[in-house]
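1. Below is the sequence, then the predicted model.
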Amino acid sequence: MNPDYPNVTTIARRFFEEREDWENAVELAVNEAKRTESLVWFDILGGYVEQGVTKVFAPSYFAQALAILFYRDKKKFEQLVTAFWNSCRHEDAYFTWVNEINHLLLNL
């Protein structure tokens, strides 16, 4: 209820990861990355992408967070987009991802 309460997001992250509740862990990382614009949360999200646990989400789910990262740190943006690209390259959602990233880049 109060994400600014000291350590509450760290505790929640640990809780979700210990239970392998990846949907909630990813949602927490995305929401905190957008809310705080902290590169730490974008790194956490990147780790989830590399683990392959973000594949259950539509590519459009990450668009706002990626836009924030683009303006915050272009190098990390490139790294995260590359991680997404590699994660879904052989998946059914690949062309959806290509369309989403093209749309995002056109608007940035």
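-> All right, it came through fine. Computed from a predicted structure; not experimentally measured. Numbering: from 1, shown residues only.
2. ok, the most centrally placed residue in the chain to F62 distance?
-> With distances taken as C-alpha atoms, centre = their mean, the chain has L45 as the residue nearest its mean C-alpha position (4.2 Å). Distance, L45 to F62, by C-beta to C-beta, to the nearest Å: 8 Å. (C-beta placed from N, C-alpha, C; glycine too.)
3. ok, the nearest residue to P59 once chain neighbours are set aside - contacts?
-> Closest residue to P59 apart from its sequence neighbours, by C-beta to C-beta, 6 or more residues apart in numbering: E100 at 4.0 Å. Residues in contact with E100, defined by C-beta atoms under 8 Å, 6 or more residues apart in numbering, are P59, S60, A63.
4. name the element the residue nearest to the centre of the chain belongs to?
-> helix 39-51 (DSSP states H and E).
5. Give me the buried positions along that helix.
-> Buried positions in helix 39-51, judged by neighbour count with 16 or more other C-beta atoms under 10 Å: W41, F42, I44, L45, G46, Y48, V49.
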